[in-house]
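>>> structure for the following, please:
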Amino acid sequence: MQTLLLVIEILVAIGLVIVVLMQRSEGGALGIGGGGGGMGGLFSARGAADTLTRTTAVLAVIFFIVCLALNLLVKHSHVQRSILDSQTAPARTAEPVRQPATPAPTQQGPSIPTPH
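Numbering: from 1, shown residues only. You can find the predicted model right below:
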């Protein structure tokens, strides 16, 4: 279920980026809703802007709903794990740490600081 929601989340995010980039900028120099043409309807400047605005709003709502669903799914799952837990540790190529041949002497009484 989590994988399906993640795939939906990624597809909606990509769609949202594309739709936002297709919209007309404040200056009106970019976007597909270019001026000209006396045609009315969907692909006029106003019709395209309205369609893209509605599409952006719908995709944003879907994006937030899927985000909330993913968070609730993780919160109520029995095993909480990180995405980093699934990665394997890199192989160790260094030599193992060697123990000293003789153990360090231990002190029998309280330690007394020596002046320098």
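>>> residue ranges with poor pLDDT in this protein?
Counting by pLDDT under 70, the ranges of the chain that qualify are 26-45, 78-97, 99-101, 103-107, 109-110.
>>> the lengthiest helix in it - contacts with which helices or strands?
Longest helix in the chain by number of residues, with DSSP state H as the criterion: helix 45-75. Using 3 or more CB pairs under 8 Å, 6 or more residues apart in numbering; DSSP states H and E as the contact criterion, the neighbours of helix 45-75 among helices and strands are helix 2-22. (C-beta placed from N, C-alpha, C; glycine too.)
>>> buried residues in the longest helix of the chain?
By 16 or more other CB atoms under 10 Å, the buried positions in helix 45-75 come out as 45, 48, 52, 55-56, 59, 62-63, 66, 70.
>>> kindly report the same for stretch 3-10.
When neighbours are counted by 16+ other CB under 10 Å, the buried residues of stretch 3-10 are found to be 8-9.
>>> what's that stretch in contact with?
Among residues not part of stretch 3-10, those counted as contacts by CB atoms under 8 Å, 6 or more residues apart in numbering are 63, 66-67, 69-70, 73.
>>> quick one, phi/psi of Arg24?
Phi and psi for Arg24, reported as degrees, to the nearest 10, are phi -70, psi 140.
>>> which residue is the nearest non-sequential neighbour of Thr56?
Once flanking residues are discounted, Thr56 sits nearest to Val19: 5.2 Å by CB to CB, 6 or more residues apart in numbering.
>>> should've said Gln2
Leaving out its chain neighbours, Gln2 is closest to Leu73 (CB to CB, 6+ apart), at 5.9 Å.
>>> so the one you found sits against Val66, correct?
No: with the criterion set as CB atoms under 8 Å, Leu73 and Val66 do not qualify as a contacting pair; they are 10.2 Å apart.
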